[in-house]
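> sequence and predicted structure, then a few things I'm wondering about:
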Amino acid sequence: MQSLTRPAYTSTQRLLHWITALFVFATIPLAIAMTNVGEGPMMDRLYNLHWSFGFLILFTVLFRLWVRAKNPPAPLPDTIPAFQAKIAHWTHVLLYVLLVAMPIGGWIGKSAYGGAIYIFWIIPMPAIWAHNPGFGERILGMHTAAGIFMTLLLIAHIGAAMMHHFVKKDGIMLRMIRD
């Protein structure tokens, strides 16, 4: 088990990580369900929930990045091989990029496609792109492809955490769980 002189992440960073995970784990099944249920009120509800969680992800991750800039995490222990540390670094960079780009891309796509956007049926969000349904469809297609890529990246991220915790038993996963 690793011994750190300070926690790798603050309690705020850990809380924001798990809140983000909760929102993402709600958004992915919503995306699958909303595209596979027939048109009607259920599809509308699923889309609204997907957009709502997307905005929550965007706002949470932007706050997370601000907190991270003020409190950089402790480096990985020297026991982690350099190539694994690089993979972990770039996986995190890609996840952060996608966690910001995906909601913005969805917002642009939905704005261009047309129709009102509400967060949980209450808070109206302005369109951020001129009405252009063809462009909106292309952006939303890229949004879907990026979502599949992000899901695969998340599987790798979770798999690496599980490997460190259950196989290597090196305490790496505990950095995001406790002090």
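Arrived safely.

> state the distance from the residue nearest to the spatial centre of the chain to residue 151.
The centroid of the chain falls nearest to residue 99 when counting by CA atoms, centre = their mean (3.9 Å). Counting by CB to CB, to the nearest Å, the separation of residue 99 from residue 151 is 12 Å. C-beta: built from backbone N, CA, C; applies to glycine.

> and what of residue 136?
On the measure of CB to CB, residue 136 and residue 151 end up 22 Å apart.

> which of these two has more residues huddled nearby?
Shown here are residue 136 and residue 151; by other CB atoms under 10 Å, residue 136 has more neighbours (21 against 15).

> can you confirm that one is in a helix?
Yes - looking at residue 136 with DSSP: H, G, I helix; E, B strand; the rest coil, it is inside a helix.

> so who does residue 153 touch?
Applying CB atoms under 8 Å, 6 or more residues apart in numbering, we find residue 153 in contact with 91, 94, 95, 98.

> wait, isn't residue 176 in contact with residue 14?
Yes - shown here, residue 176 and residue 14 form a contact pair, counting by CB atoms under 8 Å, at 5.7 Å.

> for this structure, which segments count as helices?
With DSSP state H, the ranges of helices along the chain come out as 11-34, 41-70, 82-113, 133-162.

> can you pull the buried residues of the third one?
Of the residues in helix 82-113, those with enough neighbours to count as buried (16 or more other CB atoms under 10 Å) are 88, 95, 98-100, 102-103, 105-113.

> what of the shortest one?
For helix 11-34, a neighbour-count test (16+ other CB under 10 Å) marks 13-14, 16, 19-20, 23-24, 26-28, 30-31, 33-34 as buried.

> quick check: the gap between the closest residue in space to residue 132 that isn't next to it in sequence and residue 105.
Leaving aside its sequence neighbours, residue 132 sits nearest to residue 112 (CB to CB, 6 or more residues apart in numbering; 4.7 Å). From residue 112 across to residue 105, the span is 11 Å (CB to CB).

> now do the shared contacts for these two.
Listed as contacting both residue 112 and residue 105 by CB under 8 Å, 6+ apart are residue 139.

> pLDDT below threshold where in this protein?
Applying pLDDT under 70 to the chain flags the ranges 1-6.

> picking that back up, closest to residue 170 out of the buried residues of helix 82-113?
Among these, residue 88 lies closest to residue 170 (CB to CB), at 12.6 Å.

> residues touching that closest one, list them.
76, 80, 160.

> please redo it, this time with the cut-off set to 10 Å
Residues counted as contacts of residue 88 (CB atoms under 10 Å, 6 or more residues apart in numbering) are 76, 80, 157, 160, 161, 164, 172.
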